[in-house]
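Asks: Any chance you could fold what I've pasted below:
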Amino acid sequence: MLFENDFYILKSKHLMYLYAGWFLENNNIPVIPNTDITYRNKHRIEARYLLKDAGLNVPEVFMGSSKTVKNRFDDSDFPLIIKPVMGSGSRGVRLLDSSEDINEIEDKILYLEKFVFGKHFLAYFIGNEICIYEKIPLKNEHAEVKQVNDTKDIRKVVSKWRDKYNLLFGHLDIIREEDSNKLIIVDPGTFPEFSNWKSEIDPVKSISNLILEEYHLQNETSK
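Replies: Model (predicted):
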């Protein structure tokens, strides 16, 4: 039944749909966004390298067993953020205030990020249109946000990310670090809900048109 359609849109980041996407691509049926970039955005280690390759700042990261990690830190190193290696948004993300918090974690291998103090922003982009919001730390994109004016440095970060990987739309979770004023990228996403999108352009229509243009472009290129 999958072969009955000309192309597919990959909205979900669940592995089941990624597997279906890989199957389709192996049978020369386009999937938009492509499964490689979707998977690598979902995999936090790979996403980190994608961000670094785009020339963007990322938080310091630590990985290891709970025992190794606990022996690595003293209380002055906290707070830390624990995140699932596979995932996006705030699901499974916790703030650790001390080494005692690590005792409660059952995962064999831990992925930890240094907590970055500063203002947290959510930056959506659809084509060249960018909407930026201040958000509550550790909350997902559906939480309450406050729209803020576009800034040159945030726009530059979003443009570098979008252009490096030819992304049609997506989002970045960004922190403006308190001490350095640097922009630190803590989470990318290929297909957010756009639940807080506030712009003159209609997100559904704009995204649909971009996907159709990409599909026709891929068709022309493959001929």
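Asks: helix/strand/coil for Lys205?
Replies: Judged by DSSP: H, G, I helix; E, B strand; the rest coil, the three-state class of Lys205 is helix.
Asks: Let me know the pLDDT of it.
Replies: As predicted, Lys205 sits at a pLDDT of 95.
Asks: what's the neighbour count on it?
Replies: Residues lying near Lys205 (other CB atoms under 10 Å) number 10. Bear in mind the C-beta positions are built from the backbone N, C-alpha and C, glycine included.
Asks: I'd like to check which residues are in contact with the nearest residue to Glu177 once chain neighbours are set aside.
Replies: Using CB to CB, 6 or more residues apart in numbering and skipping residues adjacent in sequence, the residue nearest Glu177 is Gly118, 4.5 Å away. Contact analysis of Gly118 by CB atoms under 8 Å, 6 or more residues apart in numbering lists Ile175, Arg176, Glu177, Glu178, Ile184.
Asks: Surely the last one is in contact with Ile175?
Replies: Yes: with contact defined as CB atoms under 8 Å, Ile184 and Ile175 form a contacting pair (4.7 Å).
Asks: Report the beta-bridge partners for the most centrally placed residue in the chain.
Replies: Residue closest to the average C-alpha location in the chain (CA atoms, centre = their mean): Pro188, at 1.8 Å. Using DSSP bridges, the beta-bridge partners of Pro188 come out as Leu172.
Asks: Can you select the buried ones among the contacts of Gly118 for me in ChimeraX?
Replies: Those of these that count as buried under 16 or more other CB atoms under 10 Å are selected in ChimeraX with:
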select :175,176,184
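Asks: Take the contacts of Gly118 and keep only those in helices.
Replies: Within those, no residue falls in helices by DSSP state H.
Asks: that older thread, wait, the residue nearest to the centre of the chain sits on Gly170?
Replies: Yes: between Pro188 and Gly170 there is a contact at 6.7 Å, judged by CB under 8 Å.
Asks: shared neighbours of those two, anything?
Replies: With CB under 8 Å, 6+ apart as the test, Pro188 and Gly170 both reach Asn41, Trp161.
Asks: tell me, what's touching Ile184 and Ile175 both at once?
Replies: Val116, Gly118.
Asks: Report the buried residues of the lowest-mean-pLDDT helix or strand in the chain.
Replies: The helix or strand of the chain with the lowest confidence, counting by mean pLDDT, DSSP states H and E, is helix 66-72 at a mean of 78. Going by neighbour count (16+ other CB under 10 Å), the buried part of helix 66-72 is Ser66, Val69, Lys70.
Asks: any chance of these in JSON lines, with distance to Phe194 too?
Replies: JSON lines is the format used below for these (distance: CB to CB, whole Å):
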{"residue": "Ser66", "distance to Phe194": "37"}
{"residue": "Val69", "distance to Phe194": "36"}
{"residue": "Lys70", "distance to Phe194": "40"}
